[in-house]
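K.L.:
make a model of this:
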Amino acid sequence: MIDFRYHLVSIVAIFLALALGIILGSTTLSDSVTAGLKREANTAAKRNEALRQEQSRLTAQTRGEEQFARGLGAQVVEGRLKGQSVVLVEAPGAGNDGLEKIGDLAKAAGATVTGRVTIQAKFLDAREGATVDQLATQLRPPGVTFSGDTDAYEKAGVALASALVTRNAAQIGREDASGSAILTRFQQAGYLTLSGKPAQHATLAVMVAPSTPYTYTGGDAANKALLSVTGALDAAGRGAVVGGPQQAAQEGGLITALRDSDMRKTVSAVDTADTASGQVVTILVLQNELSGKSGQYGTGSDASGYLPSPAPAAGKNG
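P.N.:
Predicted structure coming up:
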């Protein structure tokens, strides 16, 4: 007959077996999990090392390509802008180094660099809008009238463009009293600084975008103002290019604003103009502008390619 002691012993045996099974099972499971984690860690380490080596290879390749562009860039662009002239326009916050190198390459391409116009932050201050409007209206070129819906910066762009660039062969390289007065008045108002002789009308213009996108409140209006000037330069001369670093093709950047507008059809942009190869591309794009061809180049999401394809032929300048 089964008594209470038998039941008690049975229950104890069951719990002992259960405890032993848990201990043995957890030990086995722990070893299995540990081994699996070690395998994954080793795989991840190998993958990271492979990625590190690939990054090093790509960095070395990029450095080599930049060295190539710096060393041979002047030969690549030689004669492509022969007989032309370029004015350099610098937006507030633009990098000076890229601007200088674009100017040097333009000279190597056979162009004359008339001068540099540096737009001051005051020009883009929303509180200055009424003053900009009044000044631009006073200085509008002879024969130009503004419609009622023309804003202050569109007017300013027309006035400045008339002083800086031209399509008229008789005006190229020449400084006139009207153009000089426009630049002087804008300079006296604190809207511009000038170097060289930018009033000697150029045929082409390069607008260098800010290195840091205008992400503050009013940044969209600032980009719109700069594009109004750029569009006017393109219309009054033989072409305009907006150049800048990759950041300019990010959210809030001037090149992004251009590519999001209808102006992208007529004004070219290069979002690698802070690099040696991008500076060469900028000269090629200026050459294309002479033939009425505009495009978007670089590495940004809206770029059609790194450079024009096919590239314009050497020795032809529109």
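K.L.:
how close does Leu105 get to Thr150?
P.N.:
Going from Leu105 to Thr150 by Cβ to Cβ, to the nearest Å gives 35 Å. (Each C-beta comes from the backbone N, C-alpha and C, glycine too.)
K.L.:
the two: which is more packed in?
P.N.:
Using other Cβ atoms under 10 Å as the criterion, Leu105 and Thr150 rank with Leu105 on top: 26 against 17.
K.L.:
ok, that one touching Gly73?
P.N.:
Yes. Between Leu105 and Gly73 there is a contact at 6.0 Å, judged by Cβ atoms under 8 Å.
K.L.:
which neighbours do the two have in common?
P.N.:
279-280 (Cβ atoms under 8 Å, 6 or more residues apart in numbering).
K.L.:
mind jotting down where the helices sit in the chain?
P.N.:
Using DSSP state H, the helices of the chain run over 4-77, 96-108, 121-124, 129-138, 152-164, 177-188, 219-236, 254-259, 276-290.
K.L.:
buried ones in the shortest one?
P.N.:
I take that to be helix 121-124. Across helix 121-124, burial judged by 16 or more other Cβ atoms under 10 Å covers 123-124.
K.L.:
ok, back up a step: I'd like the helices of the chain as JSON lines, with mean pLDDT and distance to Ser309 appended.
P.N.:
Below are the helices of the chain laid out as JSON lines (pLDDT from 0 to 100; distance: least, Cβ to Cβ, whole Å):
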{"stretch": "helix 4-77", "mean pLDDT": "68", "distance to Ser309": "15"}
{"stretch": "helix 96-108", "mean pLDDT": "91", "distance to Ser309": "20"}
{"stretch": "helix 121-124", "mean pLDDT": "96", "distance to Ser309": "35"}
{"stretch": "helix 129-138", "mean pLDDT": "96", "distance to Ser309": "39"}
{"stretch": "helix 152-164", "mean pLDDT": "97", "distance to Ser309": "30"}
{"stretch": "helix 177-188", "mean pLDDT": "96", "distance to Ser309": "37"}
{"stretch": "helix 219-236", "mean pLDDT": "97", "distance to Ser309": "22"}
{"stretch": "helix 254-259", "mean pLDDT": "97", "distance to Ser309": "18"}
{"stretch": "helix 276-290", "mean pLDDT": "97", "distance to Ser309": "10"}
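K.L.:
quick one: closest of the ones you listed to Gly83.
P.N.:
Checking the helices of the chain against Gly83 by Cβ to Cβ gives helix 276-290 as the closest, at 9.9 Å.
K.L.:
name the residues that touch stretch 138-154?
P.N.:
Residues from elsewhere that reach stretch 138-154 (Cβ under 8 Å, 6+ apart): 129-130, 132-133, 136-137, 155, 158-159, 162, 178, 181-182, 185-186, 224-225, 228-229, 232.
K.L.:
and stretch 164-178, by the same measure?
P.N.:
Contacts of stretch 164-178 (Cβ under 8 Å, 6+ apart): 85, 87, 89, 112, 114, 117, 141-142, 162-163, 179, 183, 197-205, 233, 236-238.
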